[in-house]
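Visitor: Here is a sequence with its predicted model. Questions after.
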Amino acid sequence: MKNIFRFILLISLSFTACNDDFLEYKPDNAFTAEDRIANKADLVTYLNGMYDALSYSSTFGGQFALISELMSDGVDMSRSDNGDWQAHYSRTTDIFLGTTRTMMETAFKAIGRANNVLLNMPRITDLTDEERKRIEGECKFVRGMVHFEVVRFFGQPFGYSADNSQLGIAPRLSYGTEVVNRATVGEVYQIAIKDLKEAASMLPGTNGNYATSWAAKAMLAKIYFQMNDFQNAYAYADDVIENGGFA
């Protein structure tokens, strides 16, 4: 009996003394972010992915416009039996609802890709200073615009409380998976304004199908109008209309 006990003890000690590296499986095809975003072409691919997320049906491709109408005063939902739509109409939606979940997921996918570009851009060596400035401006444009649009769905409107301390959304200003607490509506608005002002100063007036300084100024006009700050709303809108070269 003593010999059996000693044998069991010996086996137990041998296991505790072993390194547990043998439990880690390293796939042959594994690669790091540094491998995936190694040059300008890779970075531009991620930048395009940021815009791609904005075009999804769950964001600016349709659902943002649809849900905005459902939450307005001009819709009669008495004849609709669509549960998702009814939940948004009655302000009883939650994260388990398909439309809500896809809106949040895709919107923050665009923000995440913007943050990922900003994170990796400093180590990309084949970018000119002008390209770095433009790409940073595009990322901040998207990040600011999306934060503003999403907080309007999932927070009481600006002006609901005197100091706008009502809870809004959890803003993402860096790339990562850590839990971020919800910020107030006032804080999210200031985050969006800061990003868009910086974007307006970094972006060119013409940029093909991509964000421009005029787009950033137009978004600022929209935000200030939502805040009932009509002086700033007028100033930015007037600048775009009078100086943007648009028909």
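Guide: Perfect, thanks for sending it.
Visitor: Please verify my assumption that residue 173 contacts residue 115.
Guide: Yes: contact criterion Cβ atoms under 8 Å: residue 173 and residue 115 qualify, at 7.2 Å. Placement of C-beta: from N, CA and C, glycine included.
Visitor: Next, work out how far apart the residue nearest the centre of the chain and residue 143 are.
Guide: By Cα atoms, centre = their mean, the chain has its centre lying nearest to residue 111, at 2.3 Å. Distance, residue 111 to residue 143, using Cβ to Cβ, to the nearest Å: 5 Å.
Visitor: Need the overlap of contacts for those two.
Guide: Counting by Cβ atoms under 8 Å, 6 or more residues apart in numbering, the residues touching both residue 111 and residue 143 are residue 172.
Visitor: residue contacts, the residue lying closest to residue 77 once chain neighbours are set aside?
Guide: Leaving aside its sequence neighbours, residue 77 sits nearest to residue 89 (Cβ to Cβ, 6 or more residues apart in numbering; 4.7 Å). Shown in contact with residue 89 (Cβ under 8 Å, 6+ apart): 70, 71, 75, 77.
Visitor: so where is the chain shaky, pLDDT-wise?
Guide: The model of the chain has pLDDT under 70 over residues 1-35.
Visitor: Could you rerun that using 80?
Guide: 1-36, 73, 78-79, 81, 83, 95 (pLDDT under 80).
Visitor: how many other residues sit next to residue 204?
Guide: 15 (other Cβ atoms under 10 Å).
Visitor: any idea how far residue 130 is from residue 115?
Guide: 22 Å.
Visitor: ugh, typo on my part, it should be residue 49
Guide: For residue 49 relative to residue 115 (Cβ to Cβ), the value is 12 Å.
Visitor: And residue 93, by the same measure?
Guide: Residue 93 is 26 Å from residue 115, by Cβ to Cβ.
Visitor: What of residue 247?
Guide: With Cβ to Cβ as the criterion, residue 247 and residue 115 are 35 Å apart.
Visitor: These two - which one has more neighbours?
Guide: Neighbours per residue, other Cβ under 10 Å: of residue 247 and residue 115, the larger number sits with residue 115, 20 against 2.
Visitor: Quick check: nearest residue in space to that one, chain neighbours excluded?
Guide: residue 175 (4.0 Å).
Visitor: dump the residue contacts of that neighbour.
Guide: Per Cβ under 8 Å, 6+ apart, neighbours of residue 175: 112, 115, 116, 118, 119.
Visitor: Please repeat the previous calculation with a cut-off of 10 Å.
Guide: 33, 111, 112, 113, 114, 115, 116, 117, 118, 119, 120 (Cβ atoms under 10 Å, 6 or more residues apart in numbering).
Visitor: Show me the two of the residues you listed that sit farthest apart.
Guide: Greatest spacing in those, by Cβ to Cβ: 33 and 111 (17.1 Å).
Visitor: now the longest helix along the chain, how far from the centre of its chain.
Guide: Longest helix in the chain by number of residues (criterion: DSSP state H): helix 129-153. Between the centre of helix 129-153 and the centre of its chain there are 9 Å (Cα atoms, centre = their mean, to the nearest Å).
Visitor: Buried residues, the helix or strand just after that helix. List them.
Guide: Next helix or strand after helix 129-153 toward the C-terminus (DSSP states H and E): helix 185-202. Under the neighbour-count criterion of 16 or more other Cβ atoms under 10 Å, helix 185-202 has 185-189, 191-193, 195-200, 202 buried.
Visitor: With adjacent residues omitted, what lies nearest to residue 200?
Guide: residue 216 (3.9 Å).
Visitor: so residue 223 makes contact with residue 236?
Guide: Yes: if you go by Cβ atoms under 10 Å, residue 223 and residue 236 touch, sitting 8.9 Å apart.
Visitor: Pull up the overlap in contacts between those two.
Guide: With Cβ under 10 Å, 6+ apart as the test, residue 223 and residue 236 both reach residue 196.
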